[in-house]
Each structure stands twice: as structure tokens, then as C-alpha cells.
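Novice: Need coordinates for the following:
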Amino acid sequence: MTNIDVSCCAPLAGGLDEGQAVELSELLKVLADPARLRIVSMLATGESDEVCVCDMTAPLSLSQPTVSHHIKVLREAGFITSERRSKWVYHRLVPKQLEAVRAALSVGSPV
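Specialist: Numbering: from 1, shown residues only. You can find the predicted model right below:
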């Protein structure tokens, strides 16, 4: 058996604590779906800052109920907000939520 000199290694500090890691992993699970990533991308890079589900079905090649399901998951995770106008619902990105994910993953940033 070899003796290991642990005095040479400084204890690691910083990074995510367990609670932060659990919270971030839940947000990342939401974004891990390709359709949801595409929806977020569409909202982030679109000509308008809001989009109706009817405008997303063709580009995503998904049915309206499927897109609506993904929108619901994103809304519950705080990535988008929705506003009903007449019979249509318009969706907007919540930049603050994406910024929180980006900041938690940034190299050298305090958590």
C-alpha cells in the first residue's frame, strides 16, 4: 500500500453546492430536448420578440399540441412567458433565466 501525501493538494473551493447543482440540472433537463432548444433559439433570434405557436409548427415539423406541450414545459421552468390575446397566445423569452444558466456554467464566475 502506498502512502499518499495529501498536504500537496489544496482543497477545492467554489463551484456549485449540491442544491445549486440540483436546481441547475433541472433547468438543463428542460433545455436538453431538441425541440425546446429550437423554440428557445427561435425566440432568441427571431425578428419579433414574441411568437405564436402557429408560427412554430411548420419550422419545427411538429403538431400544434406537441409545440404547446414544449412551450408549457419551458414556461413552467421560467424560460418563457405567455400572453393570451383573443384566441392566440404569444410567447416571449425570459432572458434572465437563460442568463442564470449561462452564469452558472461560466468558467471563473462566482456562483
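
Novice: How much space separates residue 96 from residue 66?
Specialist: Remark: distance between residue 96 and residue 66 (CB to CB, to the nearest Å) = 27 Å. Just so you know, the C-beta spots here come from the backbone N, C-alpha and C atoms, and that holds for glycine as well.

Novice: Packing partners of the lowest-mean-pLDDT helix or strand in the chain?
Specialist: Here the helix or strand of the chain ranked lowest by mean pLDDT, DSSP states H and E is helix 95-105, holding a mean of 85. Judged by 3 or more CB pairs under 8 Å, 6 or more residues apart in numbering; DSSP states H and E, the packing partners of helix 95-105 are helix 18-31.

Novice: which residues are in contact with the helix it packs on?
Specialist: Residues outside helix 18-31 that contact it (CB atoms under 8 Å, 6 or more residues apart in numbering) are 16, 36-37, 40, 73-74, 77, 79, 97, 100-101, 104-105, 111.

Novice: Select, from these, the two members most distant in space.
Specialist: The two members of the contacts of helix 18-31 with the most space between them (CB to CB) are 73 and 111, at 25.0 Å.

Novice: Could you measure from the residue at minimal distance from the centre of the chain over to residue 102?
Specialist: Centroid-nearest residue in the chain, with CA atoms, centre = their mean: residue 31, separated by 4.5 Å. Remark: distance between residue 31 and residue 102 (CB to CB) = 11 Å.

Novice: Equivalent analysis for residue 32, please.
Specialist: 16 Å.
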